[in-house]
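K.L.:
Can you look at this prediction? I've put the sequence above it.
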Amino acid sequence: MNCNSNTAPLLEQSTIMSCNNGCTPKDINVICKKIIIPAGQEILGIQGENNASKRYFLVPKITENGDDLSNAQFNIVIKSDINGTATIEIKEPQILENYIKLEWKIDDSITNVSGNIQIQIEAIKDNFVWKTYPATFVIATGL
């Protein structure tokens, strides 16, 4: 069995699973512009929650074309059928050796309605825009 923390489900863990990874969200990797969501972490929160969860994204510091994103402004663009499109500015990206770590706090502007939402990460700097492919996350229904 593979006990890689990025492949073990966050929710609905199997009874045959022997790894104890708890409920802590794992870093979400961006590879070749694709957001790779670890199993079980597509659920961002429950409808009505506010600042109760976070997600962390690891974006390559150097793009596939050799562009350095170290000095870029990062945003998370969110789209839902109910709320339309919104952009969240990432205030303090953490520059690591080969990656840039982005923290996304899930607030009630995101969890106000249950259902699917799409997100996309963008990096903007001097006449340059880099984007990931959109990825789908879920806000679970509350009572």
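P.N.:
The structure has been received and is ready for your questions. Residues are numbered from 1 along each chain as shown.

K.L.:
nearest residue to E92 other than its sequence neighbours?
P.N.:
In space, and not counting its chain neighbours, E92 is closest to E103: 7.4 Å by CB to CB, 6 or more residues apart in numbering. All C-beta spots, glycine's among them, are computed from the backbone N, C-alpha and C.

K.L.:
Now do the one helix or strand that neighbour maps to: which elements does it pack against?
P.N.:
Assigned by DSSP states H and E, E103 belongs to strand 99-106. In terms of contacts (3 or more CB pairs under 8 Å, 6 or more residues apart in numbering; DSSP states H and E), strand 99-106 is packed against strand 53-60, strand 73-80, strand 94-95.

K.L.:
Buried residues in that strand, which are they?
P.N.:
99-100, 102, 104, 106 (16 or more other CB atoms under 10 Å).

K.L.:
Return the list of strands paired to that strand, each annotated with direction.
P.N.:
Sheet partners assigned to strand 99-106 using DSSP bridges are listed as strand 53-60 (antiparallel), strand 94-95 (antiparallel).

K.L.:
closest to D81 out of these?
P.N.:
If you check each of the strands paired with strand 99-106 against D81 by CB to CB, strand 53-60 wins as the nearest, at 20.8 Å.

K.L.:
As CSV, could you dump the C-alpha coordinates of the closest one?
P.N.:
Extracted C-alpha coordinates of strand 53-60, given in CSV (Å, rounded to 0.1, in the frame of the first residue of the first chain):
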residue,chain,number,x,y,z
SER,A,53,-10.2,25.7,6.5
LYS,A,54,-7.2,26.5,4.3
ARG,A,55,-5.6,24.9,1.2
TYR,A,56,-1.9,25.2,0.2
PHE,A,57,-0.7,25.1,-3.4
LEU,A,58,2.8,24.4,-4.5
VAL,A,59,3.4,26.2,-7.8
PRO,A,60,6.7,25.7,-9.7
